[in-house]
Every structure is written in C-alpha cells, then in structure tokens.
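Visitor: My questions concern the predicted model and sequence given below.
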Amino acid sequence: MDIQKDLVAASATPIVLSLLRQGDSYGYAIIRKVREVSGERIEWTDGMLYPVLHRLEAAGFVRSTWKTADSGRRRKYYRITRQGEAELARLKEQWNVVHSALQRLAEPGKTGVEDV
Amino acid sequence: MFDLESQIRKWRRHVQSAGSLGAQDVEELESHLRDGIVELTERGVSDEEAFIVSIRRMGDAKALDHEFAKVSTESVWRQLLVPAADEAARRKHRTEIIAVLLLALLGGLLGKIPALFGHPVVEESALIYARNAGLFAFPPVAIYLIWRRALSLRFVAVTAVTFAVFALAVNVYPSYPPHHTEILAVLHVPIALLLLLMALYGGPEWRRPSLRLDFVRFAGEVFIYSVLIGLGAMVLILVAGAMFQLAGVDITSLILNWLAVFGGCGVAVVAAYLVEKKKGAIETIAPVLARIFTPLFLVLLLGLVITMALTGQGPSEDRELLIMFDIVLALVLGLVLYTMSARDAEKPADWWDGIVLALVILALVADAIALSGIVGRLATYGFSPNKTAALGENIVLMVNLVFLAVGYFRFLSGRSRYQTVVDWQMRYLPTHAVWAAFVALAFPPLFAFA
C-alpha cells in the first residue's frame, strides 16, 4: 500500500518524536524501526529523514550528539527534548481528533452525516 | 572489480558537490549508507548490489540537496568556522585552526630570514626573495601535512633534508651576471618541491599512483584558494595604503616588506587547510574552470600555430619567446590535469574529450615548432643554460603530450578505458619534478653559475 505523499510528510514529525521518546536513536535505526512497526507499509526515502531530523533540531525538539560505535564508526544520535515532548503531545492531540472523526464517520448509524 | 570504498568516496563527492550539505551532514549520510550496506551484506548480498540498493534508498542527490538547503541557510564560511558539535571534535578543530595560524606565521618568519642576512628590502633583493619563495611558503604546508597525517619520523627526516639541500644549493651557489642559472632556479625550485609535498600528501601510501591524482586536485584547489585569498588581501592592502596616505603616513615599505612577505608566505598553508577541511566548496568550481579555459586555450593555440604558419616565423628568433612557449605548454598540461582531476573516470567518452584531444594535439604541433627552433639555435650557438633548460623542458613535455594524445585517442576510439590515460599520466608526473630538481641543483655548477 502506498501512502499518499502529503500524509507521509505530515506524519513524519510525530512518528520520529514518538520513536525518540522510547529512547535515543540514530537515523538508520529510526528508519528501520518505522518500517518494522508499520509492517513495511511506511517507506521513507532514507535521505529525507535527515532534513526532518535537522529541522526538528533547529526547532529545539531534539538534540544530537556524535557517538563512536564499537566498530569505530561515528553515528549521530538524537534525543528528544522537553520542548519536543510538549510538541509531540500537541501533535498527538491533533491526530487523535482527526482519527476519531474518521472512525466515527466510518461507523454507519452512529454519527453519520445522515443523523444530523 | 567492484571497489566499495572508492564507490562510496565517489558518492560522497557527488552528494557534496550539490553544495548544501556540510561535512557533518555528509558524514551522517555516509554512516547511514554504510549501515545499510552492512545489513544487506550480512544477509549474503554482494557488495555491489548492497551498495546500489542502499544508494537507491537514500534517494536522489538533487532532491536531497534541496531538502538540506531548506534547513541549512548558513554560508560556507560559517559552517567552516562554527565549532563542531561535540566537545572532542570542537577542541581538535580549535587546535587545528591555531596550528594553521601559527604555521602561517612561521611562513612569514621564514620569509624574513633574508633580512637577518642584510637584505631587509624586498625590492632591492628581489632575486634573493624569489629564489627562496618555495622554501618560505612550502615548509609550513609540509609541516601541516605531516601533522595532519601523523607521519613517521622517516617522512620528517626526508622533508628536513630536502628543504635543507635546496636551501643550501639555492643560497650558497654563487651567481654571476647574467644570473641565468639563478633565474632558472627561481622557476624550478617550487616545481621540484611539489614532489616532496606529493609524498607527504600521500603519506605511507605515497607510491600509489591513484593518490597522485588526489594530490593534483589538492594542489589545484590550493592554488585557487590562494589566488582568491591573495586577491582579497590585495584589495584590502590597497585600500589601507590609500587611507594611510590620506592621513599623511606612507606605509608602502611596511606593506611591501612585512605584510606582503607574511601574507605571501603564509597563504599556502591556510589554503591547504581550507582545501583539506572544506573539500566540497571548490570541487564544484574546478570542473567549471576547466570547461571555461580549455576551449579558450584551444583557440589561443590555434591562433598561435596559424600565425606561425602564415608568417613563417618560428619562435627561434627570440629566446624569451621560446621560454614563454614552454610556459604555455605547461599551462596546457596543467589544464589537461585539471580536466582529468575533475572528470569521473567511469564516464564514457563524449565530445568534451575530443576537445581535450584537440588541445593536446595542437600543443604537440606548437611544441614541435618550438623544438625545431631550439635545435637550430643549439647547433649555431652551443649550449647555454637557458636553452638547455628550455630543451629539456620541451622533451619532458613532448613525451608527456605524446602519450596523452595516444591515450586520449585510444580512449575515444573505445580501445581503452579513461583510467588507463590517468594511470599513464600519474606514473609520468614525477618526471617533471625530477627534471626541475636537476635544473635547480645541477645546472648552476654545470654552467659555471652564469
């Protein structure tokens, strides 16, 4: 299933922030995790994650540090900030509104347009 | 054979050349790419396939660059001077900047050595300053490379000995009018010293010809940076000079004997540092410069050859013209080297390679004319240092241009890969420096220091 581009873009921020809330992570691991939890249905172009991360950092929602892995390779780890958690809560709220509206509309007889 | 490291290098250069990505961004993307490749190869996929799949997942470089450009609006210079994110890297960065500034200062101090020997005024002792220019500006670069590459004592010793030999030869040799051997030394010492810098640039693997192309690129970029910085400094100095003049103080002597010496001797190491640190910034300019000047030189050479054919007057009439001719040919070679360093060796032949071949062939024709001129003079007047040097230069250049022409022709007709041309050229490259060292060191005694 291909998810529409606009939807992918709009959902990227809350998804990334939610992931980072579970623990610090780096780009590659984030993408793999997203693929995994969405059952391979959310596929990002790998490179596009980084501009998103950098934008989040510029906005103060995440902070990054370089760490050296056992293999000797350097990786940039991201950590969510308090500001980021607040943003995540706000975004989740918005998604919940949209989500519940869709749900209700999908269940006929409950609050369908016909009822109004 | 698929060489993963070289492909990753190429990819990195490609991404960098788009322009918006800083060194850290590229490092982060590369780390990601490598993670992907490792995961795939662990599942049994070949290096090549893993690389291709990972690249595709990464996405189009142009689109990437566009996205990054939206995030990072700071200029190249700010990215360069803003300290790196983590503490260790930041400290290292600061140490390096301080070290480079100290090395630039060292270059300036070396440049003032003639003052200790009673030659404080550059204008009055121009030759002394000129013949030592390479010995003032290059040691800081050498030290910087040794420091950056953490080279062994053997390299340090070779460097010290080389500089000492040239310094002694250039300054202890007597020089009698008309000072031809001395002027030749001025021209040839820097070329000879480039060989030393090439070895230092390569480090422990300095014998590998593929590193030489990297050095050619490095030297070309250092040159561009130096010229740019030099131009900026000149404007600054002119403005400052004019302002002090208005205030009734003449600082011409201060400018010439201090600012110009320190600036001139220190700029090379600063440029070398910038090239090492900020590879992407100039890499986008070099191919453009090659594309602008190659056709211009083609037209120039064509005009020259046609003029000589029409007037029937070879350059044999004038010694200076003959030497100028050598310089033009050397520039052509430099241009081909530049094109070579900017070109992707895997790309198939196109019309541009045809233009380069035309340039080389024209240079050969011009060289043949120059050579016939000089042989005539030698037969009539015997060997003078200038003529012998010009002759040797010509032979070295001619051999170089002949196999460049052959190599390009074979490449264009599909009989060999571009890499073969590069390999030939890189193997031949040290010949120029060896000849230059010979002229600088052996000519004065051979020609009685005339």
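Guide: Yep, that arrived. Numbers count the residues shown, from 1 in each chain, chains lettered A, B, ... in the order given.
Visitor: OK, contacts around the residue nearest to the spatial centre of chain A?
Guide: The residue lying closest to the centre of chain A (C-alpha atoms, centre = their mean) is A:I15, at 1.3 Å. By C-beta atoms under 8 Å, 6 or more residues apart in numbering or on different chains, the contact list for A:I15 reads A:V34, A:I42. C-beta coordinates here come from the backbone N, C-alpha and C atoms, glycine included.
Visitor: Please repeat the previous calculation with a cut-off of 10 Å.
Guide: A:V8, A:I30, A:K33, A:V34, A:V37, A:S38, A:I42, A:W44, A:V52, A:L88, A:L91 (C-beta atoms under 10 Å, 6 or more residues apart in numbering or on different chains).
Visitor: Over to B:R43?
Guide: B:A50.
Visitor: buried stuff in the helix or strand where B:R217 lies?
Guide: Taking DSSP states H and E as the definition, B:R217 sits inside helix B:209-246. Neighbour-count burial for helix B:209-246 flags B:209, B:211-226, B:229, B:237, B:241 (criterion: 16 or more other C-beta atoms under 10 Å in any protein chain shown).
Visitor: now what about the following helix or strand past it, what contacts it?
Guide: Counting by DSSP H and E, the element after helix B:209-246 in chain order, helix or strand, is helix B:252-254. Helix B:252-254 is contacted by residues B:P120, B:V121, B:V122, B:E123, B:A240, B:G241, B:F244, B:Q245, B:A260 when judged by C-beta under 10 Å, 6+ apart.
Visitor: And the residues you listed, which two are furthest apart?
Guide: B:P120 and B:Q245 (22.2 Å; C-beta to C-beta).
Visitor: thinking again about what came up before, can you name the next helix or strand after the host helix or strand of the residue nearest to the centre of chain A?
Guide: In this assignment (DSSP H and E), A:I15 forms part of helix A:5-21. For helix A:5-21, the following helix or strand on the C-terminal side (DSSP H and E) is strand A:25-26.
Visitor: so what strands line up beside that next one?
Guide: Strands adjacent to strand A:25-26 in the sheet, as given by DSSP bridges, are strand A:74-80 (antiparallel).
Visitor: Just the C-alphas of the partner strand, formatted as PDB.
Guide: Taking Å, rounded to 0.1, in the frame of the first residue of the first chain, the C-alpha atoms of strand A:74-80 are listed here in PDB:
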ATOM      1  CA  ARG A  74      30.700   7.600  14.200                       C
ATOM      2  CA  ARG A  75      27.000   7.900  14.500                       C
ATOM      3  CA  LYS A  76      24.900  10.900  15.200                       C
ATOM      4  CA  TYR A  77      22.400  10.100  18.000                       C
ATOM      5  CA  TYR A  78      19.200  12.100  18.600                       C
ATOM      6  CA  ARG A  79      17.500  12.700  21.900                       C
ATOM      7  CA  ILE A  80      14.100  14.300  22.400                       C
END
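Visitor: pLDDT on that strand, on average?
Guide: For strand A:74-80, mean pLDDT rounds to 90.
Visitor: what residues does the next helix or strand after that strand touch?
Guide: Where DSSP H and E defines the elements, the next helix or strand beyond strand A:74-80 is helix A:82-106. Helix A:82-106 is contacted from outside by A:10-11, A:13-18, A:20-21, A:56-57, A:59-63, A:78, A:80-81, A:110-113, using C-beta under 10 Å, 6+ apart.
Visitor: Helix A:82-106 vs strand A:74-80, what angle?
Guide: Interaxial angle, helix A:82-106 versus strand A:74-80 (axes from the mean of the first three to the mean of the last three C-alpha atoms, to 10 degrees): 70 degrees.
Visitor: Now do helix A:82-106 and helix A:5-21, the angle between them.
Guide: Using the same axes, to 10 degrees: helix A:82-106 against helix A:5-21 is 130 degrees.
Visitor: For helix A:82-106, buried residues please.
Guide: A:G84, A:E87, A:L88, A:L91.
Visitor: Find the nearest non-adjacent residue to the first one, please.
Guide: Just to be clear, that refers to A:G84. Setting aside the residues directly before and after it, A:G84 is nearest to A:F61 in space (C-beta to C-beta, 6 or more residues apart in numbering or on different chains), at 3.5 Å.
Visitor: Look up phi and psi at the one you found.
Guide: phi -80, psi -30 (degrees, to the nearest 10).
Visitor: Enumerate every residue touching it.
Guide: Listed by C-beta under 10 Å, 6+ apart, the contact set of A:F61 reads A:13, A:16-17, A:20, A:53, A:55, A:78, A:80-88.
Visitor: Where does pLDDT dip in chain A?
Guide: A:1, A:108-116 (pLDDT under 70).
Visitor: for the closest residue to B:N257 other than its chain neighbours, helix, strand, or coil?
Guide: Distances taken as C-beta to C-beta, 6+ apart put B:V122 closest to B:N257, at 5.5 Å, once the chain neighbours are dropped. What DSSP: H, G, I helix; E, B strand; the rest coil gives for B:V122 is coil.
Visitor: Over to B:S175?
Guide: Relying on three-state DSSP, one would call B:S175 coil.
Visitor: Surely it and B:A185 touch.
Guide: Yes - the criterion here is C-beta atoms under 10 Å, and B:S175 meets it with B:A185 at 8.8 Å.
Visitor: Compare neighbour counts for these two and give me the winner.
Guide: Just comparing B:S175 and B:A185: by other C-beta atoms under 10 Å in any protein chain shown the higher neighbour count belongs to B:A185, 28 against 19.
Visitor: Give me the pLDDT for the more buried one.
Guide: 82.
Visitor: Against which helices or strands is the strand or helix carrying it packed?
Guide: Assigned by DSSP H and E, B:A185 falls within helix B:180-202. Using 3 or more C-beta pairs under 10 Å, 6 or more residues apart in numbering or on different chains; DSSP states H and E, the elements in contact with helix B:180-202 are helix B:126-149, helix B:153-172, helix B:209-246, helix B:260-277, helix B:319-342, helix B:385-412, helix B:418-446.
Visitor: Run the chain-centre distance for it.
Guide: 12 Å (C-alpha atoms, centre = their mean, to the nearest Å).
Visitor: That helix versus helix B:418-446: what angle between them?
Guide: Going by the same axes, to 10 degrees, helix B:180-202 makes 140 degrees with helix B:418-446.
Visitor: CA atoms only: put helix B:180-202 into PDB for me.
Guide: Backbone C-alpha positions of helix B:180-202 (Å, rounded to 0.1, in the frame of the first residue of the first chain) are rendered in PDB as follows:
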ATOM      1  CA  HIS B 180      70.600  32.900 -15.800                       C
ATOM      2  CA  THR B 181      71.200  29.800 -13.700                       C
ATOM      3  CA  GLU B 182      69.800  31.700 -10.700                       C
ATOM      4  CA  ILE B 183      66.700  32.700 -12.500                       C
ATOM      5  CA  LEU B 184      66.200  29.100 -13.700                       C
ATOM      6  CA  ALA B 185      66.400  28.000 -10.000                       C
ATOM      7  CA  VAL B 186      63.700  30.500  -9.200                       C
ATOM      8  CA  LEU B 187      61.400  28.800 -11.700                       C
ATOM      9  CA  HIS B 188      62.300  25.200 -10.900                       C
ATOM     10  CA  VAL B 189      62.600  25.000  -7.200                       C
ATOM     11  CA  PRO B 190      58.900  25.200  -6.500                       C
ATOM     12  CA  ILE B 191      58.100  22.500  -9.100                       C
ATOM     13  CA  ALA B 192      60.800  20.200  -7.600                       C
ATOM     14  CA  LEU B 193      59.400  20.800  -4.100                       C
ATOM     15  CA  LEU B 194      55.900  19.800  -5.200                       C
ATOM     16  CA  LEU B 195      57.200  16.200  -5.400                       C
ATOM     17  CA  LEU B 196      58.000  16.300  -1.800                       C
ATOM     18  CA  LEU B 197      54.600  17.700  -0.900                       C
ATOM     19  CA  MET B 198      53.100  14.900  -3.100                       C
ATOM     20  CA  ALA B 199      54.900  12.300  -1.000                       C
ATOM     21  CA  LEU B 200      53.700  13.900   2.200                       C
ATOM     22  CA  TYR B 201      50.200  14.300   0.900                       C
ATOM     23  CA  GLY B 202      50.100  10.500   0.100                       C
END
